[in-house]
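Undergrad: one predicted model, sequence on top.
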Amino acid sequence: MRSVPIVADSLPARIIARCANPRPGASRRRPPSPPLKTHLSPRDLALTLAVVALWGYTFVPIKVALDEVPPFTLAALRFFLAAVPVVFFVRPPAMPWRNVVAYGFAIGVCQFGLLFLGLKLGMPAGLSSLVIQVQVFFTIGLAVAFAGDRVRRHNLVGGAIAAAGMVVLAVYKLAGGLTSTLVGFALVVAAAFAWAAGNIIAKRGAGDHGADMFALTVWSSLVPPLPLAALAFTFEGGWAVPHAIASMSLLAWGCVLVMSYGATLFGFGSWNALLHRYPTALISPFGLLIPVSGLASGALFLGESLAPVQIAGVALVFAGLVVNVYGLKMRAWVARRP
């Protein structure tokens, strides 16, 4: 197996390289994966849009459930129900167990643990949903460094346009009076890096071992519940946590099931499969639509209004994604013009 170049002698780099490049014989080997596709098929484009729309909509059940359950407890329930009882009916993924544990720890414990801790320490929820999307750029950078991906010019142009739209949305939030603590901001950025690391662990695991991404999502969901439960016990009232769970309404449990089966099993399972089939720079920028979908869901289901500045930011995000996905076809069309 070819080695993975390490671009920085740092602990995160060594961890990602270790998970991405396990020892020979650590798991059952599969034939090499087919070359990455460079154009999204209509079916996969629809799947990508469905995933990010669902993730954006998930902010609605999260807000509803948080009225009854504190955040770490909610996250622990989310991953516990994503794993049990489905884990009894799905075979383990054909990849080293350390990759499975690393993915579950990165996505379940670090991403959500750091995100919720940042919220607790002063980072506003609306601003967090925007800041955590820097995972798009972390993911692309890590994919170039550790997964051998290449970034084309239209990917950079499209990403820059979409990022400008995110800046417009963030500035609107800040102009509206939102403030953040430095610690809270740093924790959300760290959560974004954890999400990106999880993306690369899954992408490399699928490429090297042909692992089933749905199986990876199910089995890795066994990792977060205990660490998140410990965080809940520490920060959310100790023995008051079981009482909060026992007092949950049917509506709150329904919200947890949407997060477990929709956002986690369907969402992350499909997202990882897409990252396996396509270049990271083609798929990852669609994550910038998550807060856009969140804004639309808030307007539809929670009665929240959209300001003209927000609409302009959303338009920039969409324009950037169009360039990212159809940039090659657009260049070819321009070249054919007389």
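TA: Noted; the coordinates are in hand. The structure presented is a predicted model; accordingly, all values stated were derived computationally and were not measured. Numbering: from 1, shown residues only.
Undergrad: ok, now which ones touch the nearest residue to residue 128 once chain neighbours are set aside?
TA: Excluding the flanking residues, the one nearest residue 128 by CB to CB, 6 or more residues apart in numbering is residue 188, at 5.1 Å. Bear in mind the C-beta positions are built from the backbone N, C-alpha and C, glycine included. Contacts for residue 188 (CB atoms under 8 Å, 6 or more residues apart in numbering) come out as 114, 115, 118, 123, 128, 131, 132.
Undergrad: check residue 296 too.
TA: 56, 306.
Undergrad: could I get the average pLDDT for the helix or strand where it lies?
TA: In this structure, residue 296 sits in helix 289-301 according to DSSP states H and E. Average pLDDT, helix 289-301: 82.
Undergrad: so for the following helix or strand past it, what gets flagged as buried?
TA: Going down the chain from helix 289-301, the next helix or strand is helix 308-336, by DSSP H and E. Going by neighbour count (16 or more other CB atoms under 10 Å), the buried part of helix 308-336 is 310, 313-314, 316-318, 320-321, 323-327.
Undergrad: how many other residues sit next to the closest residue in space to residue 87 that isn't next to it in sequence?
TA: With CB to CB, 6+ apart as the criterion, residue 87 has its nearest non-adjacent residue at 5.5 Å, and that residue is residue 218. By the measure other CB atoms under 10 Å, the count of residues near residue 218 is 26.
Undergrad: list the contacts of stretch 64-84.
TA: Contacts of stretch 64-84 (CB under 8 Å, 6+ apart): 62, 104, 108, 112-113, 116, 119-120, 217-219, 221-225, 228-229, 231-232, 235-237, 241, 244-245, 247-249, 251-252, 255-257, 259-261, 263-265.
Undergrad: the closest residue to residue 216 other than its chain neighbours and residue 208: what is the separation?
TA: Once flanking residues are discounted, residue 216 sits nearest to residue 93: 4.4 Å by CB to CB, 6+ apart. To residue 208, residue 93 is 12 Å away according to CB to CB, to the nearest Å.
Undergrad: please, where are all the helices along the stretch 151-300 of the chain?
TA: 153-175, 182-209, 213-220, 225-235, 240-246, 250-257, 269-277, 280-283, 289-301 (DSSP state H, counting those that start in this stretch).
Undergrad: how about the second one: buried residues?
TA: In this case it means helix 182-209. Neighbour counts over helix 182-209 (16+ other CB under 10 Å) mark 184-185, 187-209 as buried.
Undergrad: related to what we said a few turns ago, let's verify the residue nearest to residue 216: helix, strand, or coil?
TA: Counting by DSSP: H, G, I helix; E, B strand; the rest coil, the backbone at residue 93 sits in coil.
Undergrad: so what's it up against?
TA: Residue 93 makes contact with 100, 205, 209, 211, 212, 213, 215, 216, 219 under the criterion CB under 8 Å, 6+ apart.
Undergrad: and it, how far from residue 306?
TA: 41 Å.
Undergrad: same check on residue 273?
TA: Residue 273 sits 32 Å away from residue 306, going by CB to CB.
Undergrad: who's more crowded, the two?
TA: residue 273 (21 against 13).
Undergrad: now for the closest residue to the more buried one other than its chain neighbours, how many residues are close by?
TA: Of all residues not flanking residue 273 in the chain, residue 213 sits nearest, at 4.3 Å (CB to CB, 6+ apart). Using other CB under 10 Å, residue 213 is surrounded by 22 other residues.
Undergrad: if I look at residue 213, how far off is residue 139?
TA: Per CB to CB, residue 213 is found 15 Å from residue 139.
Undergrad: what about the stretch 101-250 of the chain, any weak spots by pLDDT?
TA: Residue ranges of the stretch 101-250 of the chain with pLDDT under 70: 178-180, 209-210.
Undergrad: returning to that earlier point: which of the contacts of stretch 64-84 count as buried?
TA: Buried by 16+ other CB under 10 Å: 62, 104, 108, 112-113, 116, 119-120, 217-219, 221-225, 228-229, 231-232, 235-236, 241, 244-245, 248, 252, 255-256, 259-260, 263-265, out of the contacts of stretch 64-84.
Undergrad: for the residue nearest the centre of the chain, what are its contacts?
TA: Residue closest to the mean C-alpha point of the chain, counted by CA atoms, centre = their mean, is residue 195 at 5.4 Å. Contact partners of residue 195, counting by CB under 8 Å, 6+ apart, are 106, 107, 111, 132, 135, 138, 139.
Undergrad: pick the one among those closest to residue 167.
TA: residue 132 (14.7 Å; CB to CB).
Undergrad: can I get the buried residues of helix 308-336 in TSV with pLDDT and distance to residue 281?
TA: Shown next, in TSV, are the buried residues of helix 308-336 (pLDDT from 0 to 100; distance: CB to CB, whole Å):
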residue	pLDDT	distance to residue 281
310	83	26
313	87	22
314	85	22
316	89	18
317	87	16
318	84	18
320	86	12
321	84	12
323	84	12
324	81	8
325	76	11
326	77	14
327	77	11
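Undergrad: out of these, who's nearest residue 143?
TA: Set against residue 143, the nearest of the buried residues of helix 308-336 by CB to CB is residue 324 (14.4 Å).
Undergrad: tell me the contacts of that closest one?
TA: Residue 324 is in contact with 154, 155, 158, 159, 162, 281, 282, 285, counting by CB under 8 Å, 6+ apart.
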